[in-house]
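[1] Structure of the sequence below:
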Amino acid sequence: MDAAEFRKRGKEMVDYIADYLEKIDKRQVFPDVEPGYLRPLIPDCAPQNPESFEDVFKDIEKIIMPGVTHWHSPYFFAYFPAASSFPALLADMLSGGIGCMGFSWAASPACTELETVMLDWLGKMINLPEEFLAGNSGQGGGVIQGSASEATLMSLLAARTKAVRQVQSEKPELTEADIMGRLVAYASDQFCATLGTTSCCSFDKLLELGPICNKENIWMHVDAAYAGSAFICPEFRHLLNGVEFADSFNFNPHKWLLVNFDCSAMWVKKRSDLTGAFKLEPLYLQHHHQESGLITDYRHWQIPLGRRFRSLKLWFVLRMYGVKGLQEHIRKHVRLSHLFEHLVLQDERFEICAEVILGLVCFRLKGSNELNEALLKIINEAKKIHLVPCHLQDKFVLRFAVCSRTVESTHIKFAWQHISQLATDLLKTWEQKHQQQ
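    Residues are numbered from 1 along each chain as shown. Have a look, this model is predicted:
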């Protein structure tokens, strides 16, 4: 494919993606395929000779789309949102086009410097304490990771290295292996200090945990993967109170801030805690600007060596939506979750199982876990909407997460009417079955 054909095909692909997203509500949200559906549809080895773009393009609808779960459908209410917007998609194209590997400043200065500034922008939007920002000469700073799991792992490894070195300085007679065997990491059953847990969007009390961690010299990592985006709204910023006690903090703009995957924002109070744990300086990666104090080499802040120019997505989205546009997006989702909560509460057969704070509603039929498992099964088998469950203590609970950028109150009302009707049908057959027994 030469540049001339790339221009032509690129325009076709943009049209295809725009059509896909504009008409996504017409597609069944969850696919009909069985596991292993794809292998028989394609040859069992790569073609020896080139194929045309037309042939490849035709196979998108024939082979790929039948097996796609449409995360951006307004009838998708599972997991948490996966962010997407046209500015972010355009920035992703540019990132792919530039195609740099931004592991060091010299490898592509703009890639590194834009990321540092964008993480400062984002930190200021959620009113993070000043110590987490890089600024012109700060000790802290931010980095884009692939996921919240990566951010948590980085924090854990950095905390471990810091603890080992501290003990070594106090007790030089101990080997690293001796120390490693005695280290303890503290976690709850939801893992680390979390703002907006996956199951029910609950919030740990940082104002209680933080001072204890600081007093005992324990590294505190705070994960706000989903909920963090909401902190750009002043009315939700109080949920972040206590972050001043944390050593590291993370949230995912790729969940709820219209920046498509992957873009997980992580901040540390002391960048030297990360770089000290991961520094790697083979000769071929050294350059004459080395750590002059102004230079950030992000390979020391992450697990992989290579990295994409992901800050372009933040730059495009933050500029083209503005803080106000992003706040409106969050507030709309929160309004819609309260609408769904209101509809559930009007039906005495159902109960709400956790406080609705942001865009997630946890609900169930009053009754046994088996009854609710049966309800979820028929909801997902009907494939009009898509939900996933969670366990809250010993209860099987249905999660309703407001996800799509294009979701409106009509979709919420449709979803509730559909759930309500299926519940009516289920309760009839359930009663008959139990009467017969």
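[2] Go through the chain and flag its longest helix.
    The longest helix of the chain (DSSP state H) is helix 311-345.
[3] May I see the buried residues of that helix?
    Neighbour counts over helix 311-345 (16 or more other C-beta atoms under 10 Å) mark 311-318, 321, 326-327, 329-330, 332-334, 336-341, 343-344 as buried. To be clear about C-beta, it is placed using only N, CA and C from the backbone, and glycine gets the same treatment.
[4] got it, and stretch 375-383?
    In stretch 375-383, counting by 16+ other C-beta under 10 Å, buried: 375-376, 379-380.
[5] if we look at stretch 158-166, which residues are touching it?
    Outside of stretch 158-166, the residues within contact range by C-beta atoms under 8 Å, 6 or more residues apart in numbering are 176, 179-180, 183, 185, 217, 219, 221, 247-248, 268, 273-274, 276-278.
[6] Mark which of those are buried, thanks.
    Buried subset of the contacts of stretch 158-166 (neighbour count, 16+ other C-beta under 10 Å): 179, 219, 221, 247-248, 268, 273-274, 277.
[7] which residues in the chain form strands?
    Counting by DSSP state E, one finds strands in the chain at the ranges 141-145, 193-194, 221-223, 248-251, 264-268, 350-352, 360-365, 388-392, 395-401.
[8] quick one: the helices in the stretch 101-250 of the chain?
    Taking DSSP state H, counting those that start in this stretch, the helices of the stretch 101-250 of the chain run over residues 109-125, 148-170, 176-180, 206-215.
[9] looking at these, which is closest to Pro40?
    Closest to Pro40 of those, according to C-beta to C-beta: helix 148-170, at 33.7 Å.
[10] Just the buried residues of the closest one, please?
    Of the residues in helix 148-170, those buried (16+ other C-beta under 10 Å) are 148, 150-152, 154-156, 158-164, 167.
[11] just curious, which of those is nearest to Asp92?
    Glu150 (18.8 Å).
[12] care to break the chain down by domain?
    Domains of the chain are assigned by automatic domain parsing as 1-30+69-83+324-437, 100-309.
[13] any idea which of the ones you listed scores lowest on pLDDT?
    Ranked on mean pLDDT, the bottom entry among the domains of the chain is domain 100-309, at a mean of 88.
[14] just to revisit the earlier point, give me the helices and strands touching the longest helix of the chain, please.
    With contacts defined as 3 or more C-beta pairs under 8 Å, 6 or more residues apart in numbering; DSSP states H and E, helix 311-345 has these neighbours: helix 86-98, helix 109-125, helix 253-256, strand 350-352, strand 360-365, helix 409-436.
[15] Provide the contact partners of stretch 365-384 at residue level.
    So stretch 365-384 is contacted by 28-30, 32, 75, 349-351, 364, 385-387, 389, 394-398, 414, 418-419, 422-423, 425-427, 430 (C-beta under 8 Å, 6+ apart).
[16] 6 Å instead, please
    28, 30, 349-351, 364, 387, 389, 396, 398, 418, 422-423, 426 (C-beta atoms under 6 Å, 6 or more residues apart in numbering).
[17] how about those residues in a markdown table, adding neighbour count and distance to Leu239?
    Shown next, in a markdown table, are the contacts of stretch 365-384 (neighbours: other C-beta atoms under 10 Å; distance: C-beta to C-beta, whole Å):
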| residue | neighbour count | distance to Leu239 |
| --- | --- | --- |
| Gln28 | 15 | 36 |
| Phe30 | 21 | 32 |
| Arg349 | 13 | 31 |
| Phe350 | 21 | 26 |
| Glu351 | 16 | 24 |
| Arg364 | 23 | 25 |
| Leu387 | 20 | 25 |
| Pro389 | 19 | 25 |
| Phe396 | 19 | 27 |
| Leu398 | 23 | 24 |
| His418 | 15 | 31 |
| Leu422 | 19 | 34 |
| Ala423 | 21 | 32 |
| Leu426 | 18 | 36 |
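[18] wait, which of those is closest to Ile232?
    The closest of the contacts of stretch 365-384, once distances to Ile232 are taken by C-beta to C-beta, is Leu387, at 27.1 Å.
[19] circling back to that earlier point, between the longest helix of the chain and helix 409-436, how many degrees?
    50 degrees (axes from the mean of the first three to the mean of the last three C-alpha atoms, to 10 degrees).
[20] hmm, back to that, would you mind saying which of the helices of the stretch 101-250 of the chain lies nearest Gln302?
    Ranking the helices of the stretch 101-250 of the chain by proximity to Gln302 (C-beta to C-beta) places helix 148-170 first, at 6.7 Å.
[21] what are the C-alpha coordinates of that closest one, in CSV please?
    Once non-C-alpha atoms are left out, helix 148-170 reads as follows in CSV (Å, rounded to 0.1, in the frame of the first residue of the first chain):
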residue,chain,number,x,y,z
ALA,A,148,-4.6,0.5,37.0
SER,A,149,-3.2,-3.0,37.6
GLU,A,150,0.2,-1.8,36.1
ALA,A,151,0.1,1.3,38.3
THR,A,152,-0.6,-0.9,41.4
LEU,A,153,2.3,-3.2,40.5
MET,A,154,4.7,-0.3,39.9
SER,A,155,3.8,1.1,43.4
LEU,A,156,4.2,-2.3,45.0
LEU,A,157,7.6,-2.8,43.5
ALA,A,158,8.8,0.7,44.2
ALA,A,159,7.6,0.4,47.8
ARG,A,160,9.4,-2.9,48.2
THR,A,161,12.7,-1.5,46.9
LYS,A,162,12.4,1.5,49.2
ALA,A,163,11.7,-0.8,52.2
VAL,A,164,14.6,-3.1,51.4
ARG,A,165,17.0,-0.2,51.1
GLN,A,166,15.8,1.3,54.3
VAL,A,167,16.3,-1.9,56.3
GLN,A,168,19.7,-2.4,54.6
SER,A,169,20.9,1.0,55.8
GLU,A,170,19.7,0.1,59.4
